[in-house]
Each structure stands twice: as C-alpha cells, then as structure tokens.
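Engineer: what's the 3D shape of this:
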Amino acid sequence: MSGETKGHLQIKGKNRRHELHAAIMDWRLRGMSKAQVRSMAELLDTTANAPPLADDAFADVFKQAWKEASEIAAAEHFKDLAEFETLPVEYLIEPLVPVGCTTIIDGNPGMGKSFLSLAMTAAITSMGMFGDLPVARQGRVLLLNDEDDPSRVLRPRLEAIGADIGRVRVIHAPFELDESGVDILRREIRNYDPTLVVIDPLTNFMPSGVDMYRPNEANAFMRPLHRLAKDFDIGILIARHLRKQASDTAMHMGQGSMAFGGAVRSGMIVTPHPTQARWRVLAHYKASYAEEAVSQAFEIGTPPRGGAAARVNWRGPVEMSANELVAQSSVQETMLDRAVRALEDYLAPGPAKARDVIEAMKKKGVQERTLDRAKKKLGVISGHGPGAKWKLPN
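Structural biologist: From the prediction side, this is the model:
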C-alpha cells in the first residue's frame with residue numbers, strides 16, 4: 001500500500017520490494033551502469049520506502065533485479081530464419097512423444113497414468129515396445145515422481161516389466177519447479193543426460209502461489225520446461241489430473257488453463273473403456289507434427305496380494321477417437337465410481353482382510369462412507385469378527 005506523506009510517495013509493505021525491483025530493472029535496461037543503478041536504488045529505498053529495506057533484503061532485491069535485467073539485455077530475441085538448420089521432427093515413441101518439446105498425459109487418479117509412464121520408461125531404457133509402437137531412441141529416464149516409493153513401488157514395477165533400472169534415476173528430495181527448481185532440474189539433466197524426463201503429477205511440482213487456471217501463469221510455468229526439452233533435445237512427459245467440470249472435448253478435460261494443452265506438442269488422455277469395466281483406453285488428442293495415434297485399450301495386471309509389481313497389459317486398438325471416448329464415457333467419474341473401480345481392482349485377486357481393504361482404500365482417498373456404498377454396489381461379501389475378509393461375488 002502506498003500514500004503521500006509531506007509531499008513524498010511512501011511505499012509500504014510488500015510493495016517496497018516489488019517497486020524497487022521494477023525500478024532497478026528499468027534503469028538497467030536503459031543502459032545505466034551498475035554503480036549508477038545502485039546509487040539510484042539506494043536513494044529510492046531511503047526516500048520512498050517506509051521503512052527502508054534491511055541491508056540484506058536490499059542486497060537480495062538488487063541482485064535478483066540486476067540478474068533478470070541483464071539476461072533480458074543480453075538475449076538475442078530475433079534471428080534470421082536462414083540461420084536455422086532444417087531438421088526432421090524426431091520422436092522417442094512416434095507419434096506420442098516428440099523430442100525437443102513437452103508432452104502431457106491426462107487422467108483421473110487411479111486410471112493408470114503412472115503405470116503408462118513406467119511402461120514408457122521400460123520401453124525407452126530397454127529399446128523395447130510401448131504397446132504396438134516401437135521406441136526410436138534408447139536412453140536414460142529421469143523420474144520426478146514423489147508419490148510412489150522408489151523401493152516398494154517404482155523399482156519392483158520397473159524390474160517386472162523389463163526396464164533397465166541402471167538407466168533410471170528418481171527424485172529423492174522433492175522441490176517445486178520455480179526458478180531455483182528449474183535450475184536444479186537443468187543441472188540434473190546436464191549431468192545425467194536423460195532421453196526422457198517424467199513429471200508426475202503436475203500439481204505436486206507447481207510452485208505455491210501459481211494459479212494453474214490463469215493462462216499467463218500456466219504459460220510462465222511451461223515455458224522453462226519447453227526450453228529444457230529444446231536445449232537438451234529430450235522429451236518431457238507431464239502427468240496431469242482431470243478437472244471436476246465435465247467436457248465433451250478431450251483437450252479441455254485436464255486441470256488448469258487451456259494454455260497447458262496449447263503449450264505441449266502432444267497430448268493424451270486415459271479414459272474408461274466403453275464396454276469392458278476393468279479396461280482403460282489411452283487416446284491421443286493432440287499431435288502437432290503427425291497424425292494422432294490409434295487409441296489403445298489396456299488393463300492394469302493385478303499383482304499377488306501385498307505385491308507392487310502391477311503392470312500394463314495391452315488389449316488392442318479401439319476404433320474411437322479421444323473426443324468420442326470422452327463424449328461417450330464421460331471421463332469425469334464420481335467419487336463413488338472411482339471407489340467402485342478401486343475396490344474391484346483390489347479384490348480381484350481374491351479375498352482380503354477387511355482392515356487391509358479399508359486401509360488400502362484410505363490411501364487412495366476413498367472415505368469409509370463412500371467405501372460402504374461401493375461395497376453395496378459391487379455386492380461384496382464380508383464376514384464378521386476379527387480377521388473377517390471381503391470378497392467379490394462369483
């Protein structure tokens with residue numbers, strides 16, 4: 001907040017840093033020397049800020065503003081097109097994951113986005129297949145997945161599907177992808193030299209305070225990631241949850257601004273299968289450089305009780321586009337629908353102890369009241385007393 005005191009502008013609160021930062025950048029971009037800018041910034045701070053910033057706060061503002069303005073001043077914003085070499089579009093998995101740009105995969109929690117990203121990881125590290133699509137470039141994969149335990153989930157699942165785990169590196173101390181986080185990621189990419197970077201899920205790595213539904217803030221978040229993909233000639237895959245509001249257009253289903261869909265060069269969505277209750281469909285809704293891939297059905301193979309090594313089992317093509325699948329199946333499942341699917345998947349291998357079922361459903365975000373309704377809807381058979389088990393009807 002600012003006001004007038006004895007004829008002078010008084011800048012108060014958080015605006016002190018903001019106004020000083022803006023002034024320093026403006027003076028730097030006008031070509032003034034560092035000494036001149038510092039002198040004017042000190043004068044502005046002592047005469048306009050109420051109260052003036054502490055010495056360390058002033059130094060921090062000056063350093064950041066000078067750095068940002070210097071980067072802008074040094075940048076070559078335009079080039080003649082003739083200076084660019086003509087290059088072919090390359091893919092890690094054609095046409096799903098192009099190189100040098102970002103790709104997004106959308107879907108509700110529990111629909112298999114993470115399983116699909118691990119299937120891609122296995123295919124790329126072992127030069128295998130992703131469904132019926134061959135891998136074009138073998139290499140390392142960097143996983144930014146802070147929801148699944150590396151020892152209990154990621155490694156067992158990747159080993160079970162033939163990944164070369166010597167080519168996989170995972171995040172150990174999660175961080176937000178703000179300016180410093182992007183610098184951390186850039187250093188890791190430079191040192192590790194991955195072919196693919198997976199960010200799963202998007203919301204866990206967005207800086208606090210960023211409104212993902214504002215196009216300018218979504219673009220500001222995506223721009224550094226696109227630059228990383230371009231600078232290092234790699235693919236970056238981002239997993240995103242769906243929004244609550246229904247839509248009949250696949251590109252509009254993901255959380256946040258449509259700017260996310262505009263920024264990526266390839267977009268996929270995971271939907272329920274139109275006829276098979278336990279199957280899902282991976283559908284391709286955006287392909288900037290090629291024709292969209294044919295939709296593919298898959299099922300998550302359930303591991304033995306207590307195991308983590310579930311996997312993607314492919315079930316063949318589906319002759320429906322992403323928009324047709326979204327319009328028919330209404331991907332926006334209710335909480336009850338998701339609870340029914342999760343409970344059915346958990347009990348599919350056989351009876352399980354009631355307390356284990358309840359605990360597993362809690363971890364998936366299913367509340368007891370919703371679980372009771374899902375249990376009734378499925379006709380789950382349950383015993384009584386200590387050690388009671390639940391099982392699906394025949």
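Engineer: does residue 106 really touch residue 269, like I thought?
Structural biologist: Yes: with contact defined as CB atoms under 8 Å, residue 106 counts as touching residue 269 (4.5 Å). Backbone N, C-alpha and C define where each C-beta goes, glycine included.
Engineer: shared neighbours of the two, anything?
Structural biologist: Residues touching both residue 106 and residue 269 by CB atoms under 8 Å, 6 or more residues apart in numbering: 250, 253, 254.
Engineer: of all these, which comes closest to residue 220?
Structural biologist: Using CB to CB, residue 254 comes nearest to residue 220 of the shared contacts of residue 106 and residue 269, at 17.5 Å.
Engineer: hang on, the earlier thing: for the shared contacts of residue 106 and residue 269, give me TSV that also has secondary structure and distance to residue 65.
Structural biologist: Below are those laid out as TSV (DSSP: H, G, I helix; E, B strand; the rest coil; distance: CB to CB, whole Å):
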residue	secondary structure	distance to residue 65
250	helix	42
253	coil	40
254	strand	35
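Engineer: distance of residue 300 from residue 278?
Structural biologist: 8 Å (CB to CB, to the nearest Å).
Engineer: mind jotting down where the helices sit in the stretch 201-350 of the chain?
Structural biologist: Using DSSP state H, counting those that start in this stretch, the helices of the stretch 201-350 of the chain run over residues 215-232, 259-263, 322-329, 335-347.
Engineer: turn these into TSV, including mean neighbour count and distance to residue 127.
Structural biologist: Below are the helices of the stretch 201-350 of the chain laid out as TSV (neighbours: other CB atoms under 10 Å; distance: least, CB to CB, whole Å):
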stretch	mean neighbour count	distance to residue 127
helix 215-232	17	20
helix 259-263	20	29
helix 322-329	20	28
helix 335-347	19	31
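Engineer: closest one to residue 170 among those helices?
Structural biologist: Nearest of the helices of the stretch 201-350 of the chain (CB to CB): helix 215-232, 17.9 Å.
Engineer: so which elements touch whatever helix or strand residue 199 lives in?
Structural biologist: Element membership for residue 199 (DSSP states H and E) is strand 196-200. Helices and strands touching strand 196-200, by 3 or more CB pairs under 8 Å, 6 or more residues apart in numbering; DSSP states H and E, are helix 113-126, strand 141-145, helix 215-232, strand 235-240.
Engineer: isn't residue 321 up against residue 291?
Structural biologist: No: using CB under 8 Å, residue 321 is not in contact with residue 291, being 11.4 Å away.
Engineer: neighbour count: the two, which is higher?
Structural biologist: The neighbour count for residue 321 versus residue 291, taken as other CB atoms under 10 Å, is higher for residue 321 (16 against 8).
Engineer: so for the more buried one, what's the pLDDT?
Structural biologist: pLDDT for residue 321: 96.
Engineer: so residue 65 makes contact with residue 29?
Structural biologist: No: assessed by CB under 8 Å, residue 65 is found out of contact with residue 29, at 10.4 Å.
Engineer: neighbour-wise, which of those two wins?
Structural biologist: residue 65 (22 against 13).
Engineer: quick one: contacts for residue 301?
Structural biologist: Residue 301 touches 310, 311, 312, 313, counting by CB under 8 Å, 6+ apart.
Engineer: ChimeraX command to pick out the buried ones of the residues you listed?
Structural biologist: Only the buried entries of the contacts of residue 301 go into this ChimeraX selection, using 16 or more other CB atoms under 10 Å:
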select :310,311,312
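Engineer: next, format the contacts of residue 301 as TSV and append distance to residue 112 and pLDDT.
Structural biologist: Formatted as TSV, the contacts of residue 301 follow (distance: CB to CB, whole Å; pLDDT from 0 to 100):
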residue	distance to residue 112	pLDDT
310	9	81
311	10	88
312	7	93
313	11	94
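Engineer: format the contacts of residue 301 as CSV; extra columns: distance to residue 40.
Structural biologist: As requested, those are arranged in CSV below (distance: CB to CB, whole Å):
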residue, distance to residue 40
310, 62
311, 63
312, 61
313, 66
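Engineer: for the contacts of residue 301, which one is nearest residue 357?
Structural biologist: Nearest to residue 357 among the contacts of residue 301, with distances taken as CB to CB, is residue 310, at 16.6 Å.
Engineer: return the residues in contact with the closest one.
Structural biologist: Per CB under 8 Å, 6+ apart, neighbours of residue 310: 115, 157, 300, 301, 302, 303.
Engineer: same question, residue 290
Structural biologist: 89, 94, 95.
Engineer: got the contact list for the nearest residue to residue 382 once chain neighbours are set aside?
Structural biologist: The shortest distance from residue 382 to any non-neighbouring residue, by CB to CB, 6 or more residues apart in numbering, is to residue 390 (4.8 Å). Residue 390 makes contact with 347, 351, 352, 353, 354, 357, 375, 380, 381, 382, 383 under the criterion CB under 8 Å, 6+ apart.
Engineer: also residue 145?
Structural biologist: 114, 117, 154, 170, 171, 198, 200.
Engineer: at 10 Å what do you get?
Structural biologist: 114, 117-118, 121, 153-154, 170-171, 174, 198-201, 204, 239 (CB atoms under 10 Å, 6 or more residues apart in numbering).
Engineer: and it, what are its bridge partners?
Structural biologist: residue 200 (DSSP bridges).
Engineer: can you give me the pLDDT of it?
Structural biologist: Residue 145 carries a pLDDT value of 94.
Engineer: cool, and the one 4 residues further on?
Structural biologist: Model confidence at residue 149, given as pLDDT, is 92.
Engineer: surely residue 103 is in a strand?
Structural biologist: Yes: assigned with DSSP: H, G, I helix; E, B strand; the rest coil, residue 103 falls within a strand.
Engineer: dump the helices of the stretch 201-350 of the chain into TSV; add distance to residue 40 as well.
Structural biologist: Listed next are the helices of the stretch 201-350 of the chain as TSV, based on distance: least, CB to CB, whole Å:
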stretch	distance to residue 40
helix 215-232	28
helix 259-263	37
helix 322-329	55
helix 335-347	58
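Engineer: what residues does the host helix or strand of residue 191 touch?
Structural biologist: Assessed by DSSP H and E, residue 191 sits inside helix 179-192. Applying CB under 10 Å, 6+ apart, the contact partners of helix 179-192 are 64, 68, 140-142, 144, 167, 169, 171, 173-178, 194, 197, 199, 205-207, 221, 223-225, 227-229, 231-232, 234, 236.
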